[in-house]
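Engineer: model this:
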Amino acid sequence: MKPWMRKTTLVLSISAILAGCGGGSSSSDSDDSALDNNATDEVSTDAEKPDFDSLVSPASNFSLDPTLPPSLNFDLTRWYLGAPIDLDNNGKSDSIYEKDLNNGYQVDDMFYTADDGGMVFKVGVNGPKTSTNTSYTRTELRGMLRQGDTSIKTQGVNENNWVFSSAPSSEQAKAGGVDGVLNATLAVNHVTTGGKGYQIGRVIIGQIHANDDEPVRLYYRKLPNNSKGSIYFAHETRNGSEYWYEIIGSKSDSASNPSDGIALNEKFSYQIKVVGDQLTVSIVRLDNTYVSKTIDMHGSGYADAGQYMYFKAGVYNQNNTGDDSDYVQATFYSLSTQHN
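Structural biologist: Residues are numbered from 1 along each chain as shown. Presented below is the predicted three-dimensional model:
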């Protein structure tokens, strides 16, 4: 553990998905779906702990240059950007692939460098989406381990994507990485304030995406009458069930102001870590305290042959019923990934 770190709470939550003994729910877009509260505070292995060596203090001096585009302040060689624009008129949002993204790419009011050098992601309620199956807009990076080598396909178990170490060894040999850690430091600057109650104020700031499903979606949510926001995550199984885990505050549509919540424009760091079937999500505060939660994904289907993973980071707006002028925005100050 780094000397600046102090643990506040460490909760190990095991989702016994196939055994049916957790608090899981069927898939629902509403944030009032049931929580998985099957938890213990015992942590026995390194797989069930944060990766302390790579955790980033949000109080760090990030030495970012506000005169440079994002790709010159951040290593974006292993990412492409999905932006809510449709310059090719194909009815879907555009993808800015690795080489273009790392050639100084910026787009006004969506993806640009802030006055303090941070990397800004912003998206409104309405706009082009990634596919006809997607309900919400996003300005979001997608992990690309191929680093611009277009001879490697974007999708599939190949050198562009990674797999769990619980996957068959033949799949691990084909993948670009095994297991993974995503670290980010950011401040959420704005969330939506109108629309349907279950959509107000919520935004996804980090993900692991698989072929068709999402092993983890990390949410920040602040309700209009609260001065601070909550952080929680969802684990989706391949059979369509979802399990919800609160880290800071409550995910409820009627949540009271969380005493330990995170305000808009307040920096914090998150880490999403996978080792085998163990998923650990950690949050580090400005005072260098951290909170962490681990779940067991065994039985969720992601260790099966043919399943591949990639990280996502940015803002994925979870409101499509608010005013046209409303938006979500976050500024990132560090972003990194690692794999075996």
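Engineer: Extract the residue ranges of the stretch 101-250 of the chain that are flagged as low pLDDT.
Structural biologist: 131-133 (pLDDT under 70).
Engineer: residue boundaries of the strands in it?
Structural biologist: In the stretch 101-250 of the chain, the strands defined using DSSP state E, counting those that start in this stretch lie at 111-113, 119-124, 138-143, 162-163, 177-178, 180-190, 202-209, 216-221, 230-236, 241-248.
Engineer: buried residues in stretch 186-195?
Structural biologist: Neighbour counts over stretch 186-195 (16 or more other Cβ atoms under 10 Å) mark 186-192, 195 as buried. (Each C-beta comes from the backbone N, C-alpha and C, glycine too.)
Engineer: Can I get those in a markdown table including distance to Gly127?
Structural biologist: Converted to a markdown table, those look like this (distance: Cβ to Cβ, whole Å):
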| residue | distance to Gly127 |
| --- | --- |
| Leu186 | 21 |
| Ala187 | 23 |
| Val188 | 19 |
| Asn189 | 18 |
| His190 | 16 |
| Val191 | 17 |
| Thr192 | 13 |
| Gly195 | 15 |
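Engineer: Which one of those is nearest to Leu279?
Structural biologist: Within those, distances to Leu279 taken as Cβ to Cβ reach their minimum at Leu186, with 20.0 Å.
Engineer: which outside residues touch stretch 331-340?
Structural biologist: Residues outside stretch 331-340 that contact it (Cβ atoms under 8 Å, 6 or more residues apart in numbering): 54, 56, 58, 60, 62, 64, 74-75, 78, 114, 116-121, 141, 143, 145, 162, 165, 176-187, 189, 267, 269, 311, 313-314.
Engineer: And it, what's buried?
Structural biologist: Going by neighbour count (16+ other Cβ under 10 Å), the buried part of stretch 331-340 is 331-335, 337, 339.
Engineer: Buried only: go through the contacts of stretch 331-340 for me.
Structural biologist: For these, a neighbour count by 16+ other Cβ under 10 Å gives the buried set as 56, 58, 62, 64, 74, 78, 114, 117-121, 141, 143, 145, 162, 165, 176-187, 189, 267, 269, 311, 313-314.
Engineer: count of residues packed around the residue nearest to Phe233 when sequence neighbours are not counted?
Structural biologist: Using Cβ to Cβ, 6 or more residues apart in numbering and skipping residues adjacent in sequence, the residue nearest Phe233 is Leu218, 4.8 Å away. The tally of other residues near Leu218 (other Cβ atoms under 10 Å) stands at 25.
Engineer: Of the buried residues of stretch 331-340, which belong to strands?
Structural biologist: Using DSSP state E, the subset of those located in strands is 331-335, 337.
Engineer: Output the residues you listed in JSON lines; the columns should cover distance to Phe233 and pLDDT.
Structural biologist: Compiled in JSON lines, these are given as follows (distance: Cβ to Cβ, whole Å; pLDDT from 0 to 100):
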{"residue": "Thr331", "distance to Phe233": "21", "pLDDT": "98"}
{"residue": "Phe332", "distance to Phe233": "18", "pLDDT": "98"}
{"residue": "Tyr333", "distance to Phe233": "21", "pLDDT": "98"}
{"residue": "Ser334", "distance to Phe233": "20", "pLDDT": "98"}
{"residue": "Leu335", "distance to Phe233": "18", "pLDDT": "98"}
{"residue": "Thr337", "distance to Phe233": "17", "pLDDT": "98"}
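Engineer: what's the closest of those to Ala47?
Structural biologist: Checking those against Ala47 with Cβ to Cβ, the nearest one is Thr337 at 17.8 Å.
Engineer: which residues does Pro215 contact?
Structural biologist: Counting by Cβ under 8 Å, 6+ apart, Pro215 makes contact with 208-209, 235-236, 274, 279, 297, 300, 302, 309.
Engineer: ok, now with 10 Å
Structural biologist: 164, 207-209, 233-238, 272, 274, 277, 279, 295, 297, 300-302, 307, 309 (Cβ atoms under 10 Å, 6 or more residues apart in numbering).
Engineer: measure Gly118 to Tyr112 for me?
Structural biologist: Distance of Gly118 to Tyr112, given as Cβ to Cβ, to the nearest Å: 10 Å.
Engineer: Lovely, talk soon.
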